[in-house]
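Enquirer: Sequence and predicted structure are below.
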Amino acid sequence: MTSFFVAMSTHHRFTTIAAVMAALVGPHLRAYAAAATKAERRPNVVFLLSDDQRADTIHALGNDIIHTPNFDRLVKRGTAFLRAVAPNPICSPSRAEIMTGCTSFRTGVLNLSGQIRGDLALWARTMQEAGYHTYYVGKWHNDGLPTERGYTDVDGLFAGGDGRPVRPTVDWHGRPVTGYQGWMFQAADGRRLPEKGVGLTPNISAQFADAAIRVIHRDHKKPFFLQVNFTAPHDPLLIPRGYEKMYDPRQMPVPPNFMPQHPFDHGNLRGRDEQLFAWPRTKREVREELAVYYAVISHMDTQIGRILQALEATDQLDNTIVVFTSDHGLAIGSHGLRGKQNMHEHTISVPLIFSGPGIPPNNRCDAQCYLRDLFPTICDLVGIPIPNTVQAHSLKPLLDGEVQTVYSAVFGYYLQFQRMIRTDQWKLICYPQADREQLFNIEKDPFELHDLSQDSHYAKVLTDLRKQLTAWQSANHDPLVAE
């Protein structure tokens, strides 16, 4: 009996201590549990990024020729932003802006070789710190490795290689391959995997989709952020198997603003991209290129359909925000150009679609916005505080119908050669090195065919736009403007 009472007394003391401790730490445990539960309830995010895709390449958004049933599905399920821009239309700078939510002047990446400033918050790292498992798939075109930039894991990583000759060595037209020389799949630590191929291959979009699907089928204990970076439809254009006859070049219309040549050197007239076409540009070459360009996009569309199907098959689609866009557009004959590196609508304009929980379905938004707005917008949509270093704005108020506009004007820049301001009605492009300007009334002239910069009737418009552009340059520490 004595031992029984001793045991009961000991049990009573432990029970009392446990009760006291529970009273003391209970609120904190409950708060922690509530935060964890909130994080678990957050939607997944799948971010799909293509490369060099014009905004006018989606059937549901007005292109009657191209076949894009899965892009169309995203458009129907969500909201398409019709005036989204890539302000610095080069791969690395554009992607750095997306990752940081900052202008290129702040990221430190103004060209292909720049390094992202270390004091800036990163989109993936912000998601990771908020409880997301972060994955990276596909093209990596910035400094460091994805795992050094906030991505927990990678699959199907494709990055710069060791300069080995690519296979095939020519594109669909027999032109020597000059893009993605030596690029190859890599492990998370950067170890190269040449056995998977060197350079772009006709079926590479399917390989990226395979990797994304493997990620989706993992056993996720917490919400995930999955970024999938396609190389399509960047050159070299290689016709995917089964898509050889999908588009007939003879039935392919040239862009309304096709020109045999650009009226002056805009700063990249002899660059690598522009060397892919002959001079002067011909309608036949443009038609043939567009037919393959569309085939590559349609093939990528099929792979995106497979990714959506994987989300659906795992019962995750309804709790996943899917975002699709491209890093910039492309000319392909418009204004006598072939590549990017210009401020015309066909290049700075990008497709941008949000779909998923909290996104209005079958909706179109005409408000101007930037690619760098993606970072704060997703933070806002999933309930994560937007880091202080982010310069961009959340588009959630537009999605919620609370506001009609976020920017009264947007601005663009390409190295020291071009600067741009675009309002709802006007666009001014300045070429500091060429000492030229172009003024377009894009409301009446969306294909930018009539330069009004020399028309005295628009002198005040020109002056006002110059002042706004200069003020923005100064505020954003553009090196072309003396502070």
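Expert: On my side now, so go ahead. Please read these numbers as outputs of a predicted model, since none were measured by experiment. Numbers count the residues shown, from 1 in each chain.

Enquirer: Tell me where the stretch 1-150 of the chain is predicted with low confidence.
Expert: Low-confidence segments of the stretch 1-150 of the chain (pLDDT under 70): 1-40.

Enquirer: where exactly do the strands run in it?
Expert: For the stretch 1-150 of the chain, the strands defined by DSSP state E, counting those that start in this stretch cover 44-50, 78-85, 133-139.

Enquirer: starting at the chain centroid, how far to the longest one?
Expert: Put plainly, it is strand 78-85. 12 Å (CA atoms, centre = their mean, to the nearest Å).

Enquirer: before we move on, the earlier item: point out the most buried one among the strands of the stretch 1-150 of the chain.
Expert: Per residue and on average, the most neighbours among the strands of the stretch 1-150 of the chain fall to strand 133-139, with a mean of 26 (mean count of other CB atoms under 10 Å). To be clear about C-beta, it is placed using only N, CA and C from the backbone, and glycine gets the same treatment.

Enquirer: which neighbours does the helix or strand just after that strand have in its sheet, and in what orientation?
Expert: Counting by DSSP states H and E, the element after strand 133-139 in chain order, helix or strand, is strand 153-159. Note on strand 153-159: by DSSP bridges, its sheet partners are strand 133-139 (parallel), strand 184-186 (antiparallel).

Enquirer: Can I get strand 153-159 in PDB, CA atoms only?
Expert: Extracted in PDB, the C-alpha atoms of strand 153-159 (Å, rounded to 0.1, in the frame of the first residue of the first chain):
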ATOM      1  CA  ASP A 153      15.100  20.100 -55.300                       C
ATOM      2  CA  VAL A 154      15.500  19.800 -59.000                       C
ATOM      3  CA  ASP A 155      14.500  17.300 -61.700                       C
ATOM      4  CA  GLY A 156      15.200  17.700 -65.400                       C
ATOM      5  CA  LEU A 157      17.600  20.600 -64.900                       C
ATOM      6  CA  PHE A 158      19.000  21.900 -68.200                       C
ATOM      7  CA  ALA A 159      21.800  24.400 -68.100                       C
END
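
Enquirer: which of the residues in that strand are buried?
Expert: Buried residues in strand 153-159, counted by 16 or more other CB atoms under 10 Å: 153-159.

Enquirer: count of residues packed around the nearest residue to Glu345 once chain neighbours are set aside?
Expert: Spatial nearest neighbour of Glu345, excluding adjacent residues (CB to CB, 6 or more residues apart in numbering): Glu448 at 6.2 Å. A count of nearby residues for Glu448, using other CB atoms under 10 Å, gives 21.

Enquirer: Check Pro263 too.
Expert: 11.

Enquirer: Give the phi and psi angles for the residue nearest to it when sequence neighbours are not counted, as a check.
Expert: Among residues not flanking Pro263 along the chain, Gly336 sits closest, at 7.6 Å (CB to CB, 6+ apart). Dihedral angles of Gly336 (phi, psi; degrees, to the nearest 10) stand at phi 70, psi 20.

Enquirer: shouldn't Gly336 be in contact with His266?
Expert: No. Using CB atoms under 8 Å as the test, Gly336 is too far from His266 to be in contact (9.6 Å).

Enquirer: Ok, which of the strands of the stretch 1-150 of the chain comes nearest Leu480?
Expert: For Leu480, the closest of these is strand 78-85, at 19.3 Å, according to CB to CB.

Enquirer: the domain parsing of the chain - what is it?
Expert: The chain resolves into domains spanning 41-407, 416-475 when parsed by automatic domain parsing.

Enquirer: I'd like the average pLDDT over the last one.
Expert: Put plainly, it is domain 416-475. Averaged across domain 416-475, the pLDDT comes to 98.

Enquirer: Now do the end-to-end distance for that domain.
Expert: 17 Å (CA to CA, to the nearest Å).

Enquirer: Then the longest one?
Expert: Taking CA to CA, the span from the opening residue of domain 41-407 to its closing residue is 32 Å.

Enquirer: circling back to that earlier point, so between Gly336 and His266, which is more surrounded?
Expert: His266 (25 against 20).

Enquirer: contacting residues around that one?
Expert: By CB atoms under 8 Å, 6 or more residues apart in numbering, the residues touching His266 are 337, 341-342, 417-418, 431, 434.

Enquirer: Make a ChimeraX selection of whichever of these turn out to be buried.
Expert: Remark: buried members of the contacts of His266, expressed as a ChimeraX selection using 16+ other CB under 10 Å:
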select :337,341,342,417,418,431
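
Enquirer: Closest one to Pro280 out of the contacts of His266, please.
Expert: Lowest distance from Pro280 to those (CB to CB) belongs to Leu337, with 11.9 Å.

Enquirer: Secondary structure element holding the nearest residue to the closest one once chain neighbours are set aside?
Expert: The shortest distance from Leu337 to any non-neighbouring residue, by CB to CB, 6+ apart, is to Ala331 (3.6 Å). For Ala331, there is no enclosing helix or strand under DSSP H and E.

Enquirer: Surely Ala331 is in contact with Gly339?
Expert: Yes. Here Ala331 reaches Gly339: they are 6.1 Å apart, a contact under CB under 8 Å.

Enquirer: thinking again about what came up before, which one, of the strands paired with strand 153-159, ends up nearest to Ile66?
Expert: Of all the strands paired with strand 153-159, strand 133-139 sits nearest to Ile66, with 21.9 Å by CB to CB.

Enquirer: ok, and what's touching the closest one?
Expert: By CB under 8 Å, 6+ apart, the residues outside strand 133-139 that reach it are 49, 51, 124-125, 127-128, 146, 150-159, 208, 211-212, 215, 220-231.

Enquirer: what about 7 Å?
Expert: 51, 124, 127-128, 146, 150-158, 208, 211-212, 215, 220, 222, 224-231 (CB atoms under 7 Å, 6 or more residues apart in numbering).

Enquirer: Next: stretch 303-314.
Expert: Stretch 303-314 is contacted from outside by 48, 69-70, 73, 205-206, 208-209, 212-213, 216-217, 228, 317, 320, using CB under 7 Å, 6+ apart.

Enquirer: Of all the residues in that stretch, which ones are buried?
Expert: Using 16+ other CB under 10 Å as the test for burial, stretch 303-314 gives 303-305, 307-308, 310-311.

Enquirer: can you redo those residues as a markdown table with distance to Glu289, secondary structure and pLDDT?
Expert: Shown next, in a markdown table, are the buried residues of stretch 303-314 (distance: CB to CB, whole Å; DSSP: H, G, I helix; E, B strand; the rest coil; pLDDT from 0 to 100):
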| residue | distance to Glu289 | secondary structure | pLDDT |
| --- | --- | --- | --- |
| Gln303 | 21 | helix | 98 |
| Ile304 | 22 | helix | 98 |
| Gly305 | 25 | helix | 98 |
| Ile307 | 27 | helix | 98 |
| Leu308 | 29 | helix | 98 |
| Ala310 | 32 | helix | 98 |
| Leu311 | 33 | helix | 98 |
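
Enquirer: Tell me which two in those residues are the farthest apart.
Expert: Based on CB to CB, the longest span within the buried residues of stretch 303-314 runs between Gln303 and Leu311 and measures 13.4 Å.

Enquirer: hang on, the earlier thing: could I get the phi/psi values of the residue nearest to Glu345?
Expert: Dihedral pair for Glu448: phi 50, psi 60, per degrees, to the nearest 10.
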